[in-house]
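1. Pasting a predicted model and its sequence here:
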Amino acid sequence: MIDIHSHILPGLDDGAATIEEAIAMASCAIRDGTKQMVVTPHVKTRTYPSKQTILNTMANLQGVLQEKGIDLVLLGGGEYRIDPELSRQLAKGELLTINDKGRYLLIEFSDVAVPDYTVELFDEIIEQGVIPIIAHPERNSVFIEDHSRLYELLANGALAQLTSGGITGYFGEEIKEASRAFLEKGYVQFVASDAHNRSGQLAQFRPALREVKNLLGEQLGHRILVTNPRKMVRGDLMKANEFMKKVV
């Protein structure tokens with residue numbers, strides 16, 4: 001399995017605080033069947049880490065894991081807080097796309113807002129050949145209350161990633177219900193752990209995968225859980241309208 005959203009890099013954000021904690025997370029991931037993990041530390045416009053800092057920290061952690069015989073492959077990325085400067089930063093080569101392939105960019109919203117400039121910003125990013133991935137829309141109150149707001153962004157070319165803990169109820173019933181609704185409507189292309197430590201969200205990953213397959217069936221579940229992450233890390237093109245089944 002490939003986990004496309006994690007906070008395993010030590011000391012860069014609110015994820016792993018130490019190299020020891022990062023090693024423990026990697027060990028847990030391997031035991032659960034994860035073979036590759038995209039590192040996605042939080043990045044805000046005025047409070048980096050920079051692209052190079054992420055890559056350097058990832059390379060250091062990968063070396064430590066290899067020394068300890070932990071066969072987890074790390075891939076570069078970042079979780080970028082939505083900001084009107086993102087498209088200009090992307091054009092200048094300052095942002096780290098998933099696996100540095102220049103195809104997918106993970107973007108997070110606050111839990112309570114979708115900025116008015118979002119559609120325009122996403123259009124500017126897509127014009128550069130990069131597809132925005134909306135991180136955990138099931139935890140955003142605007143998307144929860146009005147599914148058409150998420151549909152609009154997907155119809156314009158974005159994709160969406162649910163958090164495993166949202167599916168299992170780790171974040172509460174309201175978020176679980178939104179997760180299920182987005183899955184049933186075909187709004188979801190990826191599921192990831194969004195793990196910040198070796199317990200909590202990381203422990204939700206495998207149970208969530210089972211729930212997705214139970215809800216959507218083996219074929220569609222396999223696409224979301226296995227096929228799509230593989231395509232993402234290779235930089236293969238995917239479109240949301242390949243998945244959406246219902247219009248709001």
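-> Arrived safely, thanks for sending.
2. CA atoms for contacts and neighbours, from now on please.
-> Fine.
3. Tell me which residues of stretch 219-227 come out buried.
-> Buried positions in stretch 219-227, judged by neighbour count with 16 or more other Cα atoms under 10 Å: 220, 221, 223, 224, 225, 226, 227.
4. Packing partners of the longest helix seen in the chain?
-> Longest helix of the chain, by residue count under DSSP state H: helix 51-67. When contacts are defined as 3 or more Cα pairs under 8 Å, 6 or more residues apart in numbering; DSSP states H and E, helix 51-67 packs onto helix 19-31, strand 73-75.
5. Residue 37 and residue 123, how far apart?
-> 28 Å (Cα to Cα, to the nearest Å).
6. for the worst-scoring helix or strand of the chain on mean pLDDT, which positions count as buried?
-> Ranked by mean pLDDT, DSSP states H and E, the helix or strand of the chain with the weakest confidence is helix 205-216, at a mean of 87. By neighbour count on 16+ other Cα under 10 Å, the buried set for helix 205-216 is 205, 206, 208, 209, 211, 212, 213, 216.
7. try stretch 110-118
-> Under 16+ other Cα under 10 Å, the buried positions of stretch 110-118 are residue 114.
8. ok so, going back, which of the buried residues of stretch 219-227 lies closest to residue 13?
-> Nearest to residue 13, judged by Cα to Cα, of the buried residues of stretch 219-227 is residue 225 at 26.2 Å.
9. So the closest one is in contact with residue 190, correct?
-> Yes: taking contacts as Cα atoms under 8 Å, residue 225 lies within contact range of residue 190: 6.4 Å.
10. related to what we said a few turns ago, can you point out the buried residues in the longest helix of the chain?
-> 51, 54, 55, 57, 58, 59, 61, 62, 65.
11. Run the angle between the least confident helix or strand of the chain and helix 19-31 for me.
-> 40 degrees (axes from the mean of the first three to the mean of the last three Cα atoms, to 10 degrees).
12. contacting residues around stretch 59-74?
-> Contacts to stretch 59-74, defined as Cα atoms under 8 Å, 6 or more residues apart in numbering, come from residues 9, 19, 22-23, 26-27, 29-30, 34-39, 58.
13. Counting neighbours, which of those residues comes out on top?
-> Counting neighbours by other Cα atoms under 10 Å, the top entry in the contacts of stretch 59-74 is residue 9, with 30 neighbours.
14. Just say helix, strand or coil for that residue.
-> coil (DSSP: H, G, I helix; E, B strand; the rest coil).
15. show me what contacts it?
-> 15, 16, 19, 22, 39, 41, 54, 57, 58, 61 are the contacts of residue 9 under Cα under 8 Å, 6+ apart.
16. doesn't residue 2 make contact with the fifth one?
-> So the one you mean is residue 39. No: Residue 39 is beyond contact range of residue 2, at 11.2 Å (criterion: Cα under 8 Å).
17. Quick check: mean pLDDT of stretch 229-239?
-> For stretch 229-239, mean pLDDT is 93.
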